[in-house]
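Peer 1: 3D model of this:
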Amino acid sequence: MGKRGQCKSRGSNFFYGKLNENQLGTEFFIYHRNVLIFKKAEFVGDRMSHIVLRGCWCNIIVLNVHTPSEEKSDDSKDSFGKELDHVSHHIP
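Peer 2: Down below sits the predicted model:
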């Protein structure tokens, strides 16, 4: 994993992660009033990330994915599917 980090701007926090300058990445914006419910952000590769938010009775998990397009190879799609399955089974 290459570049990842957090920026603050105009009352919001921006969490980002990407493999390198030529690859895709995923990001999350959290408004300043919601920072108290934010627990963590995890970036999995260049196409997948999730955040955990503190809810009243349970945590809320938001999964952000960028799937391969239809013209990509079947191997690329299969690899992405396996990675998504692995991540979804290991999110607490």
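
Peer 1: any low-confidence regions in this structure?
Peer 2: Within the chain, the ranges that satisfy pLDDT under 70 run 1-4, 18-24, 32-36, 92.

Peer 1: and residue 79, what element?
Peer 2: Element membership of residue 79, judged by DSSP states H and E, is helix 74-90.

Peer 1: and that helix, what does it pack onto?
Peer 2: Here helix 74-90 touches strand 48-54, strand 59-65, going by 3 or more C-beta pairs under 8 Å, 6 or more residues apart in numbering; DSSP states H and E. For the C-beta atoms, the positions are set from N, CA and C on the backbone; glycine is no exception.

Peer 1: mind putting those in TSV, distance to residue 80 included?
Peer 2: Output for the helices and strands packed on helix 74-90, formatted as TSV (distance: least, C-beta to C-beta, whole Å):
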stretch	distance to residue 80
strand 48-54	8
strand 59-65	8
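
Peer 1: Tell me which of those strands sits most buried.
Peer 2: Across the helices and strands packed on helix 74-90, averaging neighbours per residue (mean count of other C-beta atoms under 10 Å) puts strand 48-54 on top, at a mean of 18.

Peer 1: Adjacent strands (with direction) for that strand?
Peer 2: When pairing is defined by DSSP bridges, strand 48-54 lines up against strand 38-44 (antiparallel), strand 59-65 (antiparallel).

Peer 1: residues in contact with the last one?
Peer 2: Here strand 59-65 makes contact (C-beta atoms under 8 Å, 6 or more residues apart in numbering) with 26-28, 39, 47-54, 84, 87-88, 91-92.
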